[in-house]
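Colleague: give me coordinates for this.
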Amino acid sequence: MPFKNPHPLYQCWQGMRQRCRNPNLKQWPDYGGRGISIDPVWDVFERFASDMGPKPTPAHTLDRIDNDKDYGPDNCRWATRLEQARNQRTTRRVVVEGQEYLVADLSRRYGIKHDTIAERAAKGMAFADVVTKQKHTSTRVPIEAIAAAQAKRAARTHCKYGHEFTAENTYTPAHKPNQRNCRACHNAKMLARNIAKRSINSAMSSAS
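Modeller: Now for the predicted structure:
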């Protein structure tokens with residue numbers, strides 16, 4: 001367009017057209033390549049400039065409100081780089097207690113890693129738990145799990161080494177009245193310990 005002094009929005013308009021209509025452009029796949037087009041009324045530069053009006057500041061750029069819709073009077077605004085970044089398709093969002101949040105905003109405000117926020121939100125945690133810096137750890141084992149483990153141990157007929165739990169081969173530790181131990185395994189363990197102890201004593205006597 002033969003402007004002697006190009007309109008301040010002309011390059012912005014041309015950039016929009018290039019992104020949507022030039023397959024050789026690096027940004028093409030994210031715009032024209034995925035079906036983003038331009039409202040026909042904006043094929044006329046003067047109409048584009050009239051609809052958008054001047055930029056609030058030089059830092060503002062053309063932004064589509066809905067990134068899956070086309071460029072046009074009803075879907076465009078002037079936005080800062082930060083506002084555009086928050087509006088990108090790749091910006092992670094989470095829903096906590098029925099409210100949608102940007103992960104980047106929560107991370108910046110509460111000093112928590114992006115992945116941590118996303119994982120907590122996916123678990124359905126309350127907002128206060130999602131944004132707390134304290135780790136959510138619990139060493140308490142559910143009563144049902146303890147009961148199930150005890151029942152499983154009580155139902156065993158052999159130890160893990162295959163020795164049968166007979167009356168002669170079973171004993172119960174005084175400090176663990178609900179536990180059955182294999183006497184054969186215990187005796188073998190004690191024998192190995194005594195042999196090792198004698199070997200150490202013998203070596204020390206030889207050295208002296």
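
Colleague: how long is stretch 171-178 from one end to the other?
Modeller: 11 Å (CA to CA, to the nearest Å).

Colleague: what does that stretch rub up against?
Modeller: Applying CB atoms under 8 Å, 6 or more residues apart in numbering, the contact partners of stretch 171-178 are Gln150, Ala154, Gln179, Arg180, Asn181, Arg183, His186. (C-beta placed from N, C-alpha, C; glycine too.)

Colleague: tell me the least confident of these?
Modeller: Among the contacts of stretch 171-178, Gln150 carries the lowest pLDDT, at 74.

Colleague: which residue, other than its chain neighbours, is closest to that residue?
Modeller: Asn178 (6.1 Å; CB to CB, 6 or more residues apart in numbering).

Colleague: where's the one you found relative to Arg21, distance?
Modeller: For Asn178, the distance to Arg21 equals 76 Å [CB to CB, to the nearest Å].

Colleague: more crowded one of the two?
Modeller: Of the pair Asn178 and Arg21, Arg21 is the one with more neighbours under other CB atoms under 10 Å, namely 13 against 9.

Colleague: need the contact list for that one.
Modeller: Shown in contact with Arg21 (CB under 8 Å, 6+ apart): Gly32, Ile38.

Colleague: please name the bridge partners of Trp78.
Modeller: Under the criterion DSSP bridges, Trp78 forms beta bridges with Leu62.

Colleague: got a pLDDT number for it?
Modeller: Trp78 is given a pLDDT of 94.

Colleague: so who does it touch?
Modeller: Trp78 touches Met52, Lys55, Pro56, His60, Thr61, Leu62, Asp63, counting by CB under 8 Å, 6+ apart.

Colleague: okay, now the domains of the chain?
Modeller: Listed by automatic domain parsing, the domain ranges of the chain are 1-90, 92-134, 145-207.

Colleague: lowest average confidence across those, which one?
Modeller: Of all these, domain 145-207 has the smallest average pLDDT, which comes to a mean of 79.

Colleague: double-check that Phe42 belongs to a helix.
Modeller: Just to correct that, residue 42 is Trp rather than Phe. Yes. Assessed with DSSP: H, G, I helix; E, B strand; the rest coil, Trp42 lies in a helix.

Colleague: host element of the residue nearest to it when sequence neighbours are not counted?
Modeller: Of all residues beyond its chain neighbours, the one nearest Trp42 is Phe48 (4.6 Å), with distances taken as CB to CB, 6+ apart. Element membership for Phe48 (DSSP states H and E) is helix 45-52.

Colleague: which parts of that helix are buried?
Modeller: Phe45, Phe48, Ala49, Met52 (16 or more other CB atoms under 10 Å).

Colleague: what's the closest of these to Asn169?
Modeller: Relative to Asn169, the closest of the buried residues of helix 45-52 is Met52; by CB to CB it sits at 87.8 Å.
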